[in-house]
Structures are given as C-alpha cells and as structure tokens.
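# one predicted model, sequence on top.
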Amino acid sequence: MAEGKDKKGNVDPNRRAVIIGGAAAVAGIAAGIVIGGYGFPRTTKVVQPQVTVEKEISTVTKTVTTTTVKQIGYVKQKVANISQLSSPGQYVTTNYMGYLVYIIKTGVPSENGVGPDNDIVGFSAYCAHMGYILEFDPATNCLLCPEHFSQYDVTRGGMQVVGHPNQYLTQLILEYDSSTGDIYALGFNRLVYGTYNTALQGMSSSSGGGSS
Ligand code: FES
C-alpha cells in the first residue's frame, strides 16, 4: 500500500499535508541556501572595465612660404660704337647704370682693352680719393683729378700714378661686337667711389652722358 493512502486507496489528507509541507520546507531551505549563498561554491564575476579608445584625428595645415630673391646685378648696356673711337686719344663720356663713365681709345694694347686693337677701355669718371669728376689727358693716357691732382693710367687698368688714393680707379668690363662695332658695358670690376653696392645702387639707364 502506497504511503499516505488508506486501505481503500484514498489519499490521507493529513498525511498529504505533511508530505507537501515537508517538500515545501526542503524547497524553502534550499532556496534559503541559494539566496544566502551558503553551501555552494561562490562565483565571482569579474567585470572587465570597458576601455574606449578614441582616435584623435587632427588636421595639420602646413603653410609654405616661398621667398623669391630678386637678383640685382649689372646689366649689359651699349656704351659706344667703334665709329666714335677711330683714332687714339678719342673718348666718349656716357652714363652706365646711373654712373658717369669714360670709354677711351688709347692707341696701344691696354689692360682689359677690347676692339680690333685691344685698346678701347672704360672707367668710372669718379676719383677714387673723394669722388671728384676726372678729366682725360690724351697726351699721357691718364685720367686726371682737378681737385687734388691724382692721376690714373688707363692703359694699365687705372693704376694710380700720383696722388692721394692708394687704389686703382674702378674699371668697366667691356665687350666688343665685331659685327656691329658696338661696345657694351657688362659691369664694374670694383666699387664706384661712394657706393657700398655699385650694382644695387645704380640704375639701369642707357640715356644721359654725352660724348666728346
Ligand atoms: S678727389 Fe681726386 S685726388 Fe682728391
């Protein structure tokens, strides 16, 4: 006979209540254990920190500065023609880049001379001592200073012959075009008196001056 049933097979209500109550009690204890956390291995949940990496996007604007340097130098300029210098002692005074200059035919091969006989030379007209305007003397092939009487030999590159300055007279670099007879100035070989940068301080000009 099954437990909790009478001889007729009916369930004893009291006994069933006891069984149900016991089951409930067991369930309650189990639940209490679970709720209380006793009697079972404790499980520790490790919560990994959430790391958020934010990419920082930056825009770099690069400013490029271009500097243009303007080269300032001498200019090539026609200063005379061979037809103006047909015989020794003839000369032309003219303007090269704002400076008064002499173009002289010496009649003898001369230092830095151009032309068919290498006897045409050019010089600054300003005395190397204090800048006074020089005068040409065909008899000696010298440029003379009327102020303090210095003399420069134009056949020898403007070498000082007598006088105060202890330097050569500034000479023009010339170029001769045999097809036209034109004579061009390309620049000076040293500073013109009174300038710290002859090319920079000069002005490009083909006018001015005159001839003698
Ligand atoms: S300025 Fe020419 S010698 Fe003095």
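Looks like it came in fine.
# please count neighbours and contacts with C-alpha atoms only from this point.
Will do.
# right, and the helix or strand after the host helix or strand of residue 92?
If you go by DSSP states H and E, residue 92 is part of strand 91-96. Next in sequence after strand 91-96, counting helices and strands by DSSP H and E, comes strand 99-105.
# the helix or strand just after that following strand - contacts with which helices or strands?
Next along the chain after strand 99-105, taking DSSP H and E as the criterion, comes strand 120-124. If you count contacts as 3 or more C-alpha pairs under 8 Å, 6 or more residues apart in numbering; DSSP states H and E, strand 120-124 packs onto strand 99-105, strand 171-177.
# identify the residues contacting residue 203.
Counting by C-alpha atoms under 8 Å, 6 or more residues apart in numbering, residue 203 touches 97, 98.
# once you drop chain neighbours, what's closest to residue 160?
Leaving aside its sequence neighbours, residue 160 sits nearest to residue 152 (C-alpha to C-alpha, 6 or more residues apart in numbering; 4.4 Å).
# pairing partners for the strand holding residue 92, with directions?
Here strand 91-96 is paired, per DSSP bridges, with strand 99-105 (antiparallel), strand 209-211 (antiparallel).
# bridging residues for residue 184?
residue 78, residue 175.
# and if you look at residue 159?
Here residue 159, judged by DSSP bridges, has bridge partners residue 153.
# mind listing the helices for this structure?
With DSSP state H as the criterion, the chain has helices at 13-36, 198-201.
# weakest of these by average pLDDT?
For the helices of the chain, mean pLDDT drops lowest on helix 13-36, to a mean of 48.
# where does the protein come near the ligand, residue by residue?
Neighbours of the ligand within the chain, by C-alpha under 6 Å from any ligand atom: 127, 129, 130, 131, 132, 145, 147, 148, 149, 150, 163, 164.
# residues touching the last one, list them.
Read that as residue 164. Residue 164 neighbours (C-alpha under 8 Å, 6+ apart): 129, 148, 150.
# and if we set it to 10 Å?
Residue 164 makes contact with 127, 128, 129, 130, 148, 149, 150, 151, according to C-alpha atoms under 10 Å, 6 or more residues apart in numbering.
# how about the strands paired with strand 91-96, which one is nearest residue 199?
Closest to residue 199 of these is strand 99-105 (C-alpha to C-alpha; 10.3 Å).
# and the protein, what are its domains?
1-39, 77-211 (automatic domain parsing).
# tell me which helix or strand in the protein has the weakest average pLDDT.
strand 209-211 (a mean of 42; mean pLDDT, DSSP states H and E).
# so which of the domains of the chain is the most packed in?
domain 77-211 (a mean of 19; mean count of other C-alpha atoms under 10 Å).
# what about the closest residue to residue 76 other than its chain neighbours, distance to residue 50?
Spatial nearest neighbour of residue 76, chain neighbours left out: residue 186 (4.7 Å); criterion: C-alpha to C-alpha, 6+ apart. Remark: distance between residue 186 and residue 50 (C-alpha to C-alpha, to the nearest Å) = 79 Å.
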